Structure formats: structure tokens, C-alpha cells
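Chemist: Model the structure of this input:
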Amino acid sequence: MIKVSIYIVLLLTSYIHAEQSVFGAGDLNSPTPYGLTPTEEVIVKTKKTTTNNEKKIKKVDSKITQIYDKVDGLESLYEGDSRKLNKLSIDFKQQETQVEVLEEKTKTQNQQIELLQEDIVDLKKQLDLNNKNMELLKESFDKIVQLANKINKDYVTKDEFNKLLSMLDKKLVSSKPKASTKSNVPNKPNRELMKEVRELFKKDYFTKAIPILEHLISVKHRPAECNYYMGEINYYRKNYKDALHYFKTSMMLYDKAKYLPKLLLHSAISFEEIGDMENAKNFYNTIVDVYPDSNEAAEASKKIKK
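Modeler: I've put the predicted structure just below:
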């Protein structure tokens, strides 16, 4: 609106001036006007200012256009960068997820490593224990070897044993004693019954022990030891023939028993008591030869001297 008003003023001024100027003086359209009135000079000045302003406005418009172009370019760049950022964000989240998965795997692996380390410690302890057990086994084996050597040295040899059996294998020994008619056997496991027999024997409760022993012999529970106790009971009751029968049976079942020296001594005494002095002497001599350091050997030596 301002531009239009200025333009109208200029046209009117130009018209008035044309009428007053005959020879070009006061020509406002001239590049170099002259002969201007003060009003015309203001018009010219205003025109120049307006022209300059229009040029500046054009420049500003041009710059604004350039700025818009730049803004459009920046918007394109922003959109592109935005898409890149979105992609980077997605990639970052994926990588973050992968890191979490890796951390979880690492945690699991660390736990497995800890378990393996515990297993290694347990295996080491077990290995140490096995080594100790091996040492104990070796010691036990050495003791067994020593015991075997002692048995071979001290116990009755096979020939001597057969000789002793032949001495016992007579009619007076071979007859089997009559079994007890009593059947007062406690209802207990055989192992407990055997333990009870030993206690009864220590207390000389022979009557109570006999039916239990006969039961254990019938079921073949530790028959060698049971026959030995039956032989001892008959020996102390002076049933020497029955005692010799049980002693013989015990020897045939187990000839390495720890009670064998006493069994041989009581067998010798039993022979002596029934008048078989030859076999009694042979048994006494066997005890002295095989068990020279035993109490039974000392007693046998006294018997031999008599």
C-alpha cells in the first residue's frame, strides 16, 4: 500500500513538473535532474530511497529464499539424520540386547566354572582320601602277609592236622552225642544268639547255652565255633568222649581258629582221662611244638613231665 501511494505522488509530481519545465529542467525521470524545486528534490530523494529500499527488499527476499532453501535442505538432512538416528537407536537396542544375552551367558559360565572348581576340590579331597585308603590297605595287606607267615609258622601243619584227626577218628570219638530234648531257643537273629552263647559260656550257664548251640549248628551258623563250645561244655562236664567228638568236628571245619591251642590241650586231657595215654602224649607234644610260647604249651609240658 505504501509503495502504491509513493508511486501516485511521483506521477503527479512528474505531471506538474512537465508542465512547468519546457527545456528539461525539473525532469524528475532524468538520471540527473536539475532545476528542481525543494518539493521536487524531496520527491527525487524519496524516489531514490524507495528504489534503494526496493533493491534491499529484493536482496532480503532473495536471502529469505536462500534461507528457505537452506531450511528445506536442513529439513532433508534432519529427516535423513533422523532416519539414521532411528536406525542407530534400533541397532543400539539390538546390541544392548546382545550384550545382556552375553552377560547372562557369562554369568552362567561363571557359575559353571565355580561348580567345576568345587568339583575339582571335591575330587582332590576324594583323591587324598583314596590315597590314604590305599596306604591303609597296604598296611593291612602287610599285616595279613605277616599273619599268614605267622600262621604258616605257628599253626598246625596239614600233616600234623591230619595226624591229630586220625587220633580223634576212633570209635569212641566218632559216635555222635545225643541232642538235647530242650528247645528253649530265643526268637532272635543268629548273630545275637551267638553273642548270647558267648555270654552264657563265660558265666558257666551251660544248660541255657546247649539248646542255642544245637540250633545254631543245625542252621550252620558259625558251626566250627559252636562245636568248639559244645566240646568245652562236655569237657567241663567230664563227658570226655562227647567233648572229643565236638573238638574233632570243630577242627575239621576250621583249623586256623584262635582257640585251637585250648582245643588241643583239652583234647589231650580228654584222652588222658579216658585212659588213651599215647594219643594224650601226642597231643601234648604237638601243642609244645606248634605253640611253644602259649600258656597251653606250658601246661602241656607239665603234663608230659608227669
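Chemist: what sits against Ile217?
Modeler: Pro223, Cys226, Asn227, Met230 (C-beta atoms under 8 Å, 6 or more residues apart in numbering). Just so you know, the C-beta spots here come from the backbone N, C-alpha and C atoms, and that holds for glycine as well.
Chemist: Arrange those residues in JSON lines, one row each, with secondary structure, pLDDT and distance to Asn130 as further columns.
Modeler: Shown next, in JSON lines, are the contacts of Ile217 (DSSP: H, G, I helix; E, B strand; the rest coil; pLDDT from 0 to 100; distance: C-beta to C-beta, whole Å):
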{"residue": "Pro223", "secondary structure": "helix", "pLDDT": "96", "distance to Asn130": "38"}
{"residue": "Cys226", "secondary structure": "helix", "pLDDT": "97", "distance to Asn130": "40"}
{"residue": "Asn227", "secondary structure": "helix", "pLDDT": "97", "distance to Asn130": "42"}
{"residue": "Met230", "secondary structure": "helix", "pLDDT": "97", "distance to Asn130": "45"}
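Chemist: burial measure for Ser62, as a count.
Modeler: 10 (other C-beta atoms under 10 Å).
Chemist: quick check: domain ranges of the protein?
Modeler: 2-84, 156-305 (automatic domain parsing).
Chemist: Spatially nearest residue to Asn190 (excluding sequence neighbours)?
Modeler: His221 (4.2 Å; C-beta to C-beta, 6 or more residues apart in numbering).
Chemist: need the contacts of Ile217 in TSV with neighbour count and distance to Glu79, can you?
Modeler: Converted to TSV, the contacts of Ile217 look like this (neighbours: other C-beta atoms under 10 Å; distance: C-beta to C-beta, whole Å):
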residue	neighbour count	distance to Glu79
Pro223	18	106
Cys226	27	107
Asn227	24	111
Met230	26	114
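Chemist: Out of the residues you listed, which comes closest to Asp204?
Modeler: Met230 (14.5 Å; C-beta to C-beta).
Chemist: thinking the closest one is in contact with Pro211, fair?
Modeler: No: counting by C-beta atoms under 8 Å, Met230 stays clear of Pro211, with 11.1 Å between them.
Chemist: Tell me where this protein has helices.
Modeler: 2-20, 38-154, 158-168, 171-174, 190-202, 206-218, 223-236, 240-253, 260-273, 277-290, 295-305 (DSSP state H).
Chemist: among those, which is nearest Asn184?
Modeler: Nearest of these (C-beta to C-beta): helix 206-218, 5.4 Å.
Chemist: Could you give me the buried positions within that closest one?
Modeler: Phe206, Lys208, Ala209, Ile210, Pro211, Ile212, Leu213, Glu214, His215, Leu216, Ile217 (16 or more other C-beta atoms under 10 Å).
Chemist: Look up how far Lys203 lies from the nearest residue to Asn295 once chain neighbours are set aside.
Modeler: Leaving aside its sequence neighbours, Asn295 sits nearest to Pro261 (C-beta to C-beta, 6+ apart; 8.0 Å). Pro261 sits 23 Å away from Lys203, taking C-beta to C-beta, to the nearest Å as the criterion.
Chemist: Which one's more surrounded, the two?
Modeler: Pro261 (22 against 9).
Chemist: Can you name the residues that contact that one?
Modeler: Ile287, Val290, Tyr291, Ser294, Asn295, Glu296, Ala297.
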